[in-house]
Structures are given as C-alpha cells and as structure tokens.
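>>> would you be able to build a 3D model of this:
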Amino acid sequence: MSEIVVIGGGPAGLSAALFTAKNGLETTVYDTGETWMHKAHLFNYLGVGSIDGSAFMQTAHQQVRDFGVEVVDAVVEEVEAADGSIVVETGDARVTPSYVVLATGADRSIAEALGCALTEEETVEVDLSMETSIDGVYATGAMVRAQEWQAVIAAGDGATAALDILSKEEGEHFHDFDVPATAGDLFENLVAE
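So this is what the prediction gives:
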C-alpha cells in the first residue's frame, strides 16, 4: 500500500512526491504524461536559467525516481473517501493510501466527483496547507487558482501539501531543510543505490 498517492505528474505532483519520498513515505505517482509543461519553456523558474518544458519534466521524473517514487503510467478512474479511508482506482489497481495529492492541472473532475468544496470561482477550496474539505485529500496548482497557472507556483503548492502530510505523520511541524553535510549523505546514498 502506498502511504501517498499523487495524481498527476507535473511540477505540483512531482514536488509533493519528492518531499514525501525523500522523507521516508512510500509514494506513488499516477501520471499519463499529459502535462502542460510539454508546451512550455521555463525562464521564470527560480534556479533555472532556461529549459524546455519536456527536458525539465524528464529531469524531474528522474529525480523523484532516484528517491524511490514509483511512477505509474495509468489513468485514475475514481477516488472515493468514506469512513475515514481513501480508495484510488485505476483500470488495473485499487489502492487505499493514507493521503492523496490531486495535481491534475485545471482538470477538477476528480475533486468534484470526490465532493471537495469549491470556491465561488469554481476552483477547489483548500486551506493554507493545500488540504481540501476532505481529510487527507490535497489539491494543488491550477485546480486551486483561477488563472494563476505557473509551474513554480504549482511546485510550491505540491511542497506545501507534502510538508503538511509530513507534519501530520511526525505529530509536529516538519521542516525539510538540508545542510551541506546531510545533502552530501543523501547524494552518496542515491549514488550507492
């Protein structure tokens, strides 16, 4: 069973997956590869001078896989939340994660079918931690913002959701802050695997 299921493999979804997997939570991303990033070129992503969106996505996918994220090419057909549990169904699988991060761009259909509250602008309503009205279900990126669709904003939303999940799991505020010594250890562990 995956503790975290992320639906969507753009900047928001992969950012959430990176943070959760890097910090020890089993994480699966369901991604069909249909992100807007394949039509983009990044000049306004902090730390990136200039990169084609598809090349950025290739690097991001490799990065999350290096931290143990399972990336599955599958369409999520249904998500249900009842009696304190969440069920995610694809054509081939039925999983019951502890948390779900919705990162499907402006496609709000899963959130709507799940019964997440919407705003007057018909975006998915979230709190400051990106959690929806359904406990354990988070929404990120374009689905929570009317016309504010930027990769760097979406990535921040994914990181925010992940840090809230990690805080819940730890029972206190969680901080993902590496220093040169720990970053070196993380890199050595990745290379050794």
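
>>> tell me the pLDDT of residue 121.
Per-residue pLDDT puts residue 121 at 92.

>>> now the strands for this protein?
Ranges of strands in the chain, per DSSP state E, are 4-7, 27-30, 41-42, 51-52, 70-72, 76-82, 85-90, 94-95, 99-102, 137-139.

>>> what's the closest of these to residue 178?
Counting by Cβ to Cβ, residue 178 lies closest to strand 27-30 out of the strands of the chain; the figure is 18.2 Å. Backbone N, C-alpha and C define where each C-beta goes, glycine included.

>>> where among the strands of the chain is average confidence lowest?
Here the lowest mean pLDDT among those goes to strand 41-42, at a mean of 78.

>>> dump the strands of the chain to CSV, plus mean neighbour count and distance to residue 62.
Listed next are the strands of the chain as CSV, based on neighbours: other Cβ atoms under 10 Å; distance: least, Cβ to Cβ, whole Å:
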stretch, mean neighbour count, distance to residue 62
strand 4-7, 28, 16
strand 27-30, 26, 13
strand 41-42, 16, 17
strand 51-52, 14, 14
strand 70-72, 17, 10
strand 76-82, 15, 23
strand 85-90, 16, 23
strand 94-95, 14, 24
strand 99-102, 29, 20
strand 137-139, 28, 24
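
>>> can the ones you listed go into JSON lines with extra columns for distance to residue 19?
Shown next, in JSON lines, are these (distance: least, Cβ to Cβ, whole Å):
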{"stretch": "strand 4-7", "distance to residue 19": "10"}
{"stretch": "strand 27-30", "distance to residue 19": "9"}
{"stretch": "strand 41-42", "distance to residue 19": "20"}
{"stretch": "strand 51-52", "distance to residue 19": "21"}
{"stretch": "strand 70-72", "distance to residue 19": "15"}
{"stretch": "strand 76-82", "distance to residue 19": "21"}
{"stretch": "strand 85-90", "distance to residue 19": "19"}
{"stretch": "strand 94-95", "distance to residue 19": "20"}
{"stretch": "strand 99-102", "distance to residue 19": "10"}
{"stretch": "strand 137-139", "distance to residue 19": "12"}
